[in-house]
Each structure stands twice: as structure tokens, then as C-alpha cells.
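Chemist: sharing a model prediction with you, sequence too.
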Amino acid sequence: MLSAIRRVASTNPASMMRPLASLPKVMTSAAFSTSSSAYAPVNVKNITVFGSGLMGAGIVQVAAQNAFNVTMVDLNPEALKKGQDIINSSLKRVAKKQFPEDEGKQKEFIEKTFAQIKTSSDAEAASKDADLIIEAIVENLTAKQQLFSRLDKVAPEHALFCSNTSSLPIGEIAKATKREDRFGGLHFFNPVPQMKLVEVIRTSETSQDSFDAFMDVCTRMKKTPISCKDTPGFVVNRLLVPYMMESIRIVERGEATPQDVDTAMKLGAGFPMGPFELLDFVGLDTTKFIVDGWRKEGKVDANLVAPIKILDDLVAKGHLGRKSGQGFYSYQGVGGKK
């Protein structure tokens, strides 16, 4: 869910949980496959990204900025055009920040980055030369499994597969392929060009060579990777979602208002954004989707993910937060300010 969070002016909700560093291998190797893959370690040069929305386009941009050859894939040509527009707008902001007084260098930076990017609506053709495939499509297990099952048949044997899912089990997605040792999760955070963290998720089948390659790719993208087991919510959302749910329960019990809770956490705990501001920003439907999924899996304490009538009622009414103009707070139009 934190994938939906963006930096708004100086408000960066992810800053409340800055990653310390990747854990030492002695602490992360337990319960994971440490044997080398049957294939030589991959020096990733060519990346194919499936999905051209905010997340997909952001991953494409960051990869291209850091000299990877990137292909952005979407079955809808209009979606590809929107993805290119997202990248162009973002690059303009980056270029102005890097070269505030030099329009020539701004233009050169943008053109150089776009020179690293190709687009395609042909999934199979776009995968044939890939060293790494990153999926950032709809958050639906079946859809992801179907995509990777198809790609498994056409991608090079050495190619690594990754999902950008924020809530679905990586191991279940990987089972749709015959390369579970070369499968992991790369959970980027939105907006990708600004957010430094990437959660690198390894399953019990992920080989050490594959894991090392995932970490290397993140570092080359100038991100800070942390190692995570394939558990619900990984690290950030596993901490963040129960915190937001308990905030709603405080209001449901009549102990405080959303405004009071937000003020308390900003001024008392030093958080840059209160939980209800964050809930509206992320989307109440997204929150409910994750919590319902965790409850169904049964791998998280039932008390942490118990249904909350206030949340269910708001979602049923279509009050989803900023994106609908109404959530716990009212906004000045869809996506507007309070």
C-alpha cells in the first residue's frame, strides 16, 4: 500500500521509517536457498517492465537514468503514451533540479534518458532479450501468475523475474513459473524517482545468486535495498497497516477524532503525516483490499486485521480518500486539497 504514497511538497510519509541498512548475510540467509542457481550470476543490462502506470513508469525512468536498457510494456498503446508522458514530466522536474540554470543540459539529460527507453505492446518480443523482468501490473494474483507463466516460456533461461507487488505472496506468484530460484520481489515505493527504499523479497527458493543480482540492480539504480522474507506486508506495510487500522479503531471507540489523532501523531510522535491523512492519501479501498487479503491468508494476528465498520462503510459509499474527493476528510475536488 505504501506504494501509493507520494511525496507531497515536504511531506514524505516514508520518512517516518527510514531503512537502516541491509541486514548482514549471517542474519538473512537462514531459511533461504543459499545454493547457487544452475545459471551463472546475471549481470543485468536489459530490463523489461510490464505496466506503464505510475509505478511502472517510475521504475522505467529510474532504470533508464542509471544506464540500463529498458523496455516498457503495456498491451494498451494509449496507456504506453500516458506512461511516456509521466516519465517526461518527471524528467523535466529532475532536470531542472540538477541543472537549474542550463536549459541545454536539461534537454540533453532528458534526451539521454529517453534514448535508453523502448516501448512495446508485444509481451513476448519485449522479453526475448531481457536479463530482468519486473512486473507492475494490476494487484491481482491470477493476473500476475498468468503473465509470468506466459513469459516463462519466452524469456531467456538466465532472465530473472520480479514482482513489484506490495501485498501478494511472491512465492505464490513464482509457482506459475519453472524458475522459482530466479524469482523474487522488488517492491519500489511511489513516486519511484524520489523514494529511496526498495524492499527486496526472497522466497525459500530464491537462489543466492539471484538475490545478489536483485540487490545489485537496486544499488545501481541508486536506491537503498533492504532484505525481506516473503511475509505479509514485508517490512513497511506490515508495520504501517496495523498502525493505521488501530487509528481507525480509536475513532470508532469514540476516544478521539481523526483530526485529534493526526495532530497527536504529528506533534507528539514527530510523524510528517497523520494516519488519517495517510489513509486518505493511499486510498481507503487499497487499505481494505490489503487487510481483507491478510485476513483471508490467516498469517497475521486476526485482531490486527479484524473488519472495521467505519472503513467498510466509507468504501461501500465510494468515499475512498483524495482520489474520490471524500474519505475521512473532504477535499476540493478529486485529488484536491483539504
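Modeler: Everything's here; your move.
Chemist: could you give the separation of the helix or strand encompassing residue 90 from the chain centroid?
Modeler: Per DSSP states H and E, residue 90 falls inside helix 77-98. Using CA atoms, centre = their mean, to the nearest Å, the mean C-alpha position of helix 77-98 is found 18 Å from that of the whole chain.
Chemist: tell me what it is packed against?
Modeler: Here helix 77-98 touches helix 54-65, strand 69-73, helix 103-114, strand 117-120, going by 3 or more CB pairs under 8 Å, 6 or more residues apart in numbering; DSSP states H and E. Any C-beta I mention is one placed from the backbone N, CA and C, and that applies to glycine too.
Chemist: between these, which gets nearest to residue 331?
Modeler: Across these, residue 331 has its closest neighbour in helix 54-65 (18.9 Å, CB to CB).
Chemist: that older thread, buried stuff in the helix holding residue 90?
Modeler: Neighbour-count burial for helix 77-98, with 16 or more other CB atoms under 10 Å as criterion, is recorded at 79-80, 82-84, 86-87, 90-91, 94-95.
Chemist: could you pull out the strands for the stretch 201-338 of the chain?
Modeler: Taking DSSP state E, counting those that start in this stretch, the strands of the stretch 201-338 of the chain run over residues 224-229.
Chemist: could you list the low-pLDDT ranges of it?
Modeler: Within the stretch 201-338 of the chain, the segments meeting pLDDT under 70 span 335.
Chemist: now do 80
Modeler: Filtered on pLDDT under 80, the stretch 201-338 of the chain yields the residue ranges 333-337.
Chemist: test my guess that residue 295 contacts residue 303.
Modeler: No. Taking contacts as CB atoms under 8 Å, residue 295 lies outside contact range of residue 303: 10.6 Å.
Chemist: if we can go back for a sec, now the helices and strands packed on helix 77-98 as JSON lines including mean pLDDT and mean neighbour count?
Modeler: Shown next, in JSON lines, are the helices and strands packed on helix 77-98 (pLDDT from 0 to 100; neighbours: other CB atoms under 10 Å):
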{"stretch": "helix 54-65", "mean pLDDT": "97", "mean neighbour count": "26"}
{"stretch": "strand 69-73", "mean pLDDT": "98", "mean neighbour count": "24"}
{"stretch": "helix 103-114", "mean pLDDT": "97", "mean neighbour count": "14"}
{"stretch": "strand 117-120", "mean pLDDT": "98", "mean neighbour count": "18"}
